[in-house]
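S.K.: Take a look and give me a structure for this.
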Amino acid sequence: MVEVTFTVSQRVRRIAAHDPSQLSMAEYARQLFWSSGVDIPDNYDQLIQEITLDFVELPPGRRRSCRCSFRRSSSSCSIR
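M.R.: Next up, the predicted model:
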């Protein structure tokens with residue numbers, strides 16, 4: 001398999017990745033990590049929700065720290 005990646009100008013063809021703030025967290029991750037040519041499961045959004053502890057959107061130049069604790073029965077995460 002060969003995957004080719006290229007930039008699509010908004011003037012040529014509009015794609016979802018041109019407006020990342022309009023995408024759900026799951027669709028943003030899909031656009032960022034996998035190409036549209038990859039077959040993902042039908043329940044992809046549900047799987048992402050099940051494995052994501054928390055997420056936060058940050059403007060450019062900002063930072064946040066995350067403290068997580070994991071136990072066999074549960075997990076928790078706090079973002080500061």
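S.K.: Which residue ranges of the protein form strands?
M.R.: 66-70, 75-79 (DSSP state E).
S.K.: quick one: which of those strands has the weakest pLDDT on average?
M.R.: Ranked by mean pLDDT, the strands of the chain bottom out at strand 75-79, with a mean of 61.
S.K.: Any regions of the chain where pLDDT drops low?
M.R.: For the chain, the stretches with pLDDT under 70 are 1-7, 35-36, 72-80.
S.K.: redo that, cut-off 90
M.R.: For the chain, the stretches with pLDDT under 90 are 1-41, 44-45, 47-80.
S.K.: Give me the nearest residue to the residue nearest the centre of the chain, chain neighbours excluded.
M.R.: The centre of the chain sits closest to A29, judged by Cα atoms, centre = their mean, with a distance of 2.2 Å. Of all residues not flanking A29 in the chain, I48 sits nearest, at 6.5 Å (Cβ to Cβ, 6 or more residues apart in numbering). (C-beta placed from N, C-alpha, C; glycine too.)
S.K.: Would you check that my belief about that neighbour contacting A26 is correct?
M.R.: Yes: between I48 and A26 there is a contact under Cβ atoms under 8 Å: 4.0 Å.
S.K.: Dig out what C68 forms beta bridges with.
M.R.: C77 (DSSP bridges).
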